[in-house]
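[1] fold the following for me, if possible:
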Amino acid sequence: MNEAGFIAALRALAHDPAARGLEDDCAVLDLGGETLVLTHDAMAEGVHFLPGQDPADVAWKLVATNLSDLAAKGAEPLGVLLGYMLGADDTRFLAGLREVLAAFDTPLLGGDTIGGTNGGTGPQVLGLTALGRATHRPVPARSGARPGDTLYLTGPVGAAMMGYEALRDGTGADSAAYRRPVPLLAEGRALAPHVHAMMDVSDGLLLDSWRMARASGVTIALDSDAVPIAAPENRREDALRWGDDYQLLLAAPQDAPLPFPCAAIGRVLAPGGSPLIAGGIAYATAEGLGYQHRGAP
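    Numbering: from 1, shown residues only. Down below sits the predicted model:
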């Protein structure tokens, strides 16, 4: 079973409105006079980070990617819960964890620690739950895009792809975008009152645009050439499919007073035969548009 199939099966269990039908990156829970925003992401060695990568960078990325989900909801972080598998250099992991929590003023609230697999020689798998407080209601969702909206992107994609290749190949080129992404928390809070839909770009711009369109019941027409990229022009198609950039993708009215410049990269149309049209090609399914996890064959 692949990731999409498993999530589809889980939807039969996710009855609470806070789950948003599992069509979003976060749960949104009204509690008294507050609205809590909760998210959980996991990372596996060899999938989300390279074997032998500096554990301090792994700790940073684990926290930052979860905070990015909160950013896409315009939420203010309240704290995190860590699920940690002991690894090769736990001291370096703790150093990176201290850095990232201080950088984004986010407290560690608890969690759980376990031993590694195969006597500590198996791949390390880590998890983190981030809790936030909504700063604007209704909390933006993937599912709010409306025909007539403009599709915007907060910044370029492709930097993480280039950073990954630099780190993998040991070229010495800048790899910070892959190793230490920056969640756009302030930007998300500023944008939340002006958007109909918002999400972060974690699995590839094409795939995440397709997901927004499907969740919203619309068609998104993406102008691939208008997308800003942080990669050579001959790598544009790769940059559109690569994830880990954590820019914010938003649908907003054409005349929305956005609080800072964003790149207009497409339009939201009435539903057609496919959720996504990009480069003149209609994509009825998400296959090949970005990174999707696969189960055992």
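
[2] show me what the longest helix along the chain is packed up against.
    Using DSSP state H to define each element, the chain has its longest helix at helix 55-71. Under the contact criterion of 3 or more Cβ pairs under 8 Å, 6 or more residues apart in numbering; DSSP states H and E, helix 55-71 touches strand 34-44, strand 75-85, helix 90-103, strand 125-134, helix 176-179, helix 185-191, strand 197-200. Any C-beta I mention is one placed from the backbone N, CA and C, and that applies to glycine too.

[3] tell me who's in contact with the nearest residue to Ala278 once chain neighbours are set aside.
    Distances taken as Cβ to Cβ, 6 or more residues apart in numbering place Leu222 nearest to Ala278, at 4.1 Å, with adjacent residues excluded. When contacts are counted by Cβ atoms under 8 Å, 6 or more residues apart in numbering, Leu222 touches Leu151, Leu205, Leu206, Ser209, Ile265, Gly266, Leu276, Ile277, Ala278, Gly279.

[4] so the fifth one sits in a strand?
    I take that to be Ile265. Yes - remark: Ile265 belongs to a strand, assigned using DSSP: H, G, I helix; E, B strand; the rest coil.

[5] that one touches Tyr152, doesn't it?
    Yes - with contact defined as Cβ atoms under 8 Å, Ile265 counts as touching Tyr152 (6.7 Å).

[6] just for the stretch 51-200 of the chain, where's the confidence low?
    Filtered on pLDDT under 70, the stretch 51-200 of the chain yields the residue ranges 118-121.

[7] repeat the analysis, applying 80 as the threshold.
    Confidence mapping of the stretch 51-200 of the chain against pLDDT under 80 gives the ranges 116-122.

[8] burial measure for the nearest residue to Pro253 once chain neighbours are set aside, as a count.
    Leaving aside its chain neighbours, Pro253 sits nearest to Asp149 (6.1 Å; criterion: Cβ to Cβ, 6+ apart). Using other Cβ atoms under 10 Å, Asp149 has 24 neighbouring residues.

[9] when you give positions from now on, start the count at 354
    Sure, I'll start counting at 354 from here, so that last one is Asp502.

[10] does Asp502 touch Ala604 like I think?
    Yes - using Cβ under 8 Å, Asp502 is in contact with Ala604, at 4.2 Å.

[11] which neighbours do these two share?
    His549, Ala550, Val621.

[12] quick check, the first one in contact with Ser496.
    No - at 9.4 Å, His549 does not count as touching Ser496 under the criterion of Cβ under 8 Å.

[13] quick check on the residue nearest to Pro606: phi, psi?
    Phi and psi for Asp502, reported as degrees, to the nearest 10, are phi -70, psi 160.

[14] for Gly469, same thing?
    Main-chain torsions, Gly469, degrees, to the nearest 10: phi -80, psi 170.

[15] in the contacts of Leu575, which has the lowest confidence score?
    Within these, Gly632 has the lowest pLDDT, namely 90.

[16] quick check: that residue vs Glu376, distance?
    Counting by Cβ to Cβ, to the nearest Å, the gap from Gly632 to Glu376 is 26 Å.

[17] higher neighbour count, the two?
    Glu376 (17 against 13).

[18] pLDDT wise, what is the more buried one at?
    Value listed for Glu376 in the pLDDT field: 76.

[19] how long is stretch 607-625 end to end?
    End-to-end distance for stretch 607-625, by Cα to Cα, to the nearest Å: 21 Å.

[20] got the contact list for it?
    With contact meaning Cβ under 8 Å, 6+ apart, stretch 607-625 is reached by 498-508, 540, 543-544, 547-548, 562, 566, 569-576, 579-581, 603-605, 635.

[21] ok, now with 6 Å
    498, 500, 502-507, 543, 547, 570-576, 579-581, 604 (Cβ atoms under 6 Å, 6 or more residues apart in numbering).

[22] okay, buried residues for that stretch please.
    Residues of stretch 607-625 classed as buried: Ala609, Leu611, Cys615, Ala616, Ile618, Gly619, Arg620, Val621, Leu622 (neighbour count, 16 or more other Cβ atoms under 10 Å).

[23] determine which two of these are furthest apart.
    In terms of Cβ to Cβ, these reach their longest pairwise distance at Leu611 and Leu622, which sit 20.6 Å apart.
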